[in-house]
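A.B. asks: using only what follows, build the 3D model:
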Amino acid sequence: MVVSAALSGLHHGYRLRYEFCRTAHPYILDADSGLSPLTPEWWRADSTWDRRRADCFRTAAGCGTSRSRYSRKEHTGMKKRKLLLVVVLCLAISAVLVALGRNEESSREADAVPSPSPSADNRGPGVSPPPEEMRRLTAMSARFGPTAGVWTEIELPSEHQNQTPERRLSSGFSTDFSRALISYNDIIAGGPPKDGIPSIDNPHFISVREADSWLAAQEPVILYRRGNVTRIYPLQVLTWHEIVNDTVSGHPVAVTYCPLCNTGMVFDRRFAGETLEFGVSGRLIYSNMIMYDRSRESWWIQATGQSIAGYHAGQQLRLLPSSMLSWADVREFYPDAEVLSRETGYPRDYGRNPYAGYDTSERPFLYQGPDRVPATDNPMERVLSVYHEGDVRAVMYSELSEHGVMQFSLGDAEIVVFWSPGTASALDTPRIPDGRDVGSATAFYLDEPHQSLVFERRNGTIVDTRTGSHWHVTGLSTDGQHRGVELRPATAVEHFRFSWEAFHTQP
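C.D. replies: Take a look at the predicted model:
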C-alpha cells in the first residue's frame, strides 16, 4: 500500500508537470498518447522530443514560468503537496529496504540447499522453465538420432513463420527468413559480420613432428578419425576460424568450435544428397555460434547441428564422434596423424587467446537465454554430453576429475567415460599453453566382449578390475591382458554447463 501510494503521488506530481508543459509547448508531448508518466518511453532520448523538455521538467511549476502567475494560496498548496509526496516517498523507500532484507534472507536459505548434478538422470535437472519457454527450448534441443542427415518432413511452429528479422541480423544474407524454427528475438548480432570470422575452406596439414615445434604438450586439440586417416585440429587455430570445411578419407566434414560455449563438434557435411559448405554468420543464439551454409544460406545452431532459419529450417545434421584431448596424448598415440597447419592464409596471432579469463567469469559472454543453471552452481563448469540414438546424458567434469571414470547405461548401450588431467583450458590465460589444467574426457561403448568390464582409477591410472589391464583416455589399452585393444568411441561433446542446459531441454 505504501509503495502504491508513493507511485500515485509520483504520478500526480509528474502529471502536474505534464499539464504545465502541455500548456506552454503542446507539440512536445501528445496528450492523447496514453503513455503513463512512469514508463521508460517518457524518458527515452528520441528525436520527437524537443530540447525544451529539459526546461519543462526543471521546476515543479514547469516550463520555466514565473511563480508570479500563481496566487500565494496556490503556491502554499503546492508546497504542502510536495511535503506530503516527500513523506510518502520516505515511507516507500523504507518498505522497499525491509522487503529487500527479507529477500536476502530467503536467498541465503536457498543457497544452503544443494542442487542435483545433471548426471543424475538422462536429462539434467536445470531450472524448470515456464511452459511457453519450455516449448521454445524443446523445439531447438539437440536431437542426434537416426534421422540426422536425412531430410525429414516436419511442421514448423506457425507462430514463427513469415517473420521479418531486424536488418542488423539479416544484412548480407539471402536466407529465406519466412521459414523459421524459433523467434528471431532469440538471436543477436555477435559483432563480426557475415564471414568476419573466416572459415578455413582449403585446409593444409603437416606432420606431427612439424607441429611439435609450435604446439605445447598441454594444448587442447580436436581429434577426428575416419578409416585409416587421423586428423588433429589445434584449438589455437580453431579459436580464430571456428569452422574448417574438410574432406577426410573422401568424406566431407565440418570441424567446428564455438569458444563461447567451448563446444568442439564434427558434422557430416552431406545432407539429403547435397554437400554443404559452412561459414560463420556472426550471429549468436544463447552465446552459441550460428553457422550458415553457402548453398541456400540456411542458419544452423553449432551446439545442436539443427537449422533454425531458411530452406533447411528444422532439419538436423549428423554429428560424428570426435574428442578434445591434449597435444601430448594424441602425439604419443597417433604419431602418423595429420595436423592442421597454421599456414591458413590469414594473419592471426595463433596461440594467443582472445577470450582471456572467459571460463573463470561468473556469466557467459553475450548470453541472452534462459537461466536454467541453479544460482548455487557454476554456469561455466565443463560438462561432457554423451549421445546415443536420441538419448543424451551429461556428466560433470567435477565428478569425473574426482573419480577418473564413470560407467552407465544410455538407451540400450553401455557407456564408459574416462577423464585424464593434463589438458590446458583454451579460454583462461592470454596464451593458450599457459591455461590452467582442466583435463579432458572421452566416452566409449562397452561392446562385446568388453561389456562386462568394470573400470576404476588406481594411483592415477584407469584399470579394469577383472584383468588389471591399463587403459588410456584415448580408449586404448596400454598394458595387461587387453593391451592393444581399442574401445569404440561414442559421440560426446564438451560444453559449458549453461550451454548444455540451454540446448538439451526435454519435454
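A.B. asks: surely residue 200 touches residue 343?
C.D. replies: No. Residue 200 lies out of contact with residue 343 (Cβ atoms under 8 Å); the separation is 10.5 Å. Any C-beta I mention is one placed from the backbone N, CA and C, and that applies to glycine too.
A.B. asks: of the two, who's got more company?
C.D. replies: residue 200 (22 against 9; other Cβ atoms under 10 Å).
A.B. asks: residues in contact with the residue nearest to the more buried one when sequence neighbours are not counted?
C.D. replies: Leaving aside its sequence neighbours, residue 200 sits nearest to residue 244 (Cβ to Cβ, 6 or more residues apart in numbering; 4.5 Å). By Cβ atoms under 8 Å, 6 or more residues apart in numbering, the contact set of residue 244 is 199-200, 203, 233, 238, 254-256, 340.
A.B. asks: next step: those restricted to helices.
C.D. replies: Among the contacts of residue 244, the ones falling in helices (DSSP state H) are residue 238.
A.B. asks: could you export the contacts of residue 244 as CSV, including distance to residue 162 and pLDDT?
C.D. replies: Below are the contacts of residue 244 laid out as CSV (distance: Cβ to Cβ, whole Å; pLDDT from 0 to 100):
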residue, distance to residue 162, pLDDT
199, 30, 99
200, 36, 99
203, 39, 98
233, 39, 99
238, 37, 99
254, 30, 99
255, 35, 99
256, 30, 99
340, 42, 99
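A.B. asks: mind listing the strands for the stretch 351-500 of the chain?
C.D. replies: Along the stretch 351-500 of the chain, counting by DSSP state E, counting those that start in this stretch, strands occupy 382-388, 391-396, 405-410, 413-420, 440-445, 455-458, 461-464, 470-471, 477-479, 488-489, 491-496.
A.B. asks: still on that earlier bit, of the contacts of residue 244, closest to residue 308?
C.D. replies: Among the contacts of residue 244, residue 256 lies closest to residue 308 (Cβ to Cβ), at 15.6 Å.
A.B. asks: distance check, that closest one against residue 267.
C.D. replies: According to Cβ to Cβ, to the nearest Å, residue 256 stands 7 Å off from residue 267.
A.B. asks: same check on residue 390?
C.D. replies: 17 Å.
A.B. asks: the two: which has the busier surroundings?
C.D. replies: For residue 390 versus residue 267, the count of surrounding residues by other Cβ under 10 Å is larger for residue 267: 26 against 13.
A.B. asks: picking up where we left off before, nearest to residue 279, of the strands of the stretch 351-500 of the chain?
C.D. replies: Taking the strands of the stretch 351-500 of the chain one by one with Cβ to Cβ, strand 491-496 is closest: 21.0 Å.
A.B. asks: which strands and helices sit next to the closest one?
C.D. replies: strand 263-268, strand 319-320, strand 382-388, strand 440-445 (3 or more Cβ pairs under 8 Å, 6 or more residues apart in numbering; DSSP states H and E).
A.B. asks: one more pass at 10 Å, please.
C.D. replies: strand 263-268, strand 319-320, strand 323-326, strand 382-388, strand 391-396, strand 440-445, helix 497-503 (3 or more Cβ pairs under 10 Å, 6 or more residues apart in numbering; DSSP states H and E).
A.B. asks: with adjacent residues omitted, what lies nearest to residue 298?
C.D. replies: In space, and not counting its chain neighbours, residue 298 is closest to residue 310: 3.3 Å by Cβ to Cβ, 6+ apart.
A.B. asks: phi, psi for that neighbour please.
C.D. replies: Phi and psi for residue 310, reported as degrees, to the nearest 10, are phi 100, psi -170.
A.B. asks: tell me, how many residues neighbour it?
C.D. replies: Neighbour tally, residue 310, other Cβ under 10 Å: 23.
A.B. asks: ok, residue 237 next?
C.D. replies: So residue 237, with other Cβ under 10 Å, has 22 neighbours.
A.B. asks: over to residue 335?
C.D. replies: 11.
A.B. asks: who touches it in this structure?
C.D. replies: By Cβ atoms under 10 Å, 6 or more residues apart in numbering, the contact list for residue 335 reads 207-209, 230.
A.B. asks: what residues are shared contacts of residue 256 and residue 267?
C.D. replies: 243, 278, 291, 300, 302, 305, 322.
A.B. asks: which one of these is nearest to residue 217?
C.D. replies: Among the shared contacts of residue 256 and residue 267, residue 322 lies closest to residue 217 (Cβ to Cβ), at 20.3 Å.
A.B. asks: run a quick neighbour tally on the closest one.
C.D. replies: If you count neighbours by other Cβ under 10 Å, residue 322 ends up with 24.
A.B. asks: likewise residue 155?
C.D. replies: With other Cβ under 10 Å as criterion, residue 155 counts 6.
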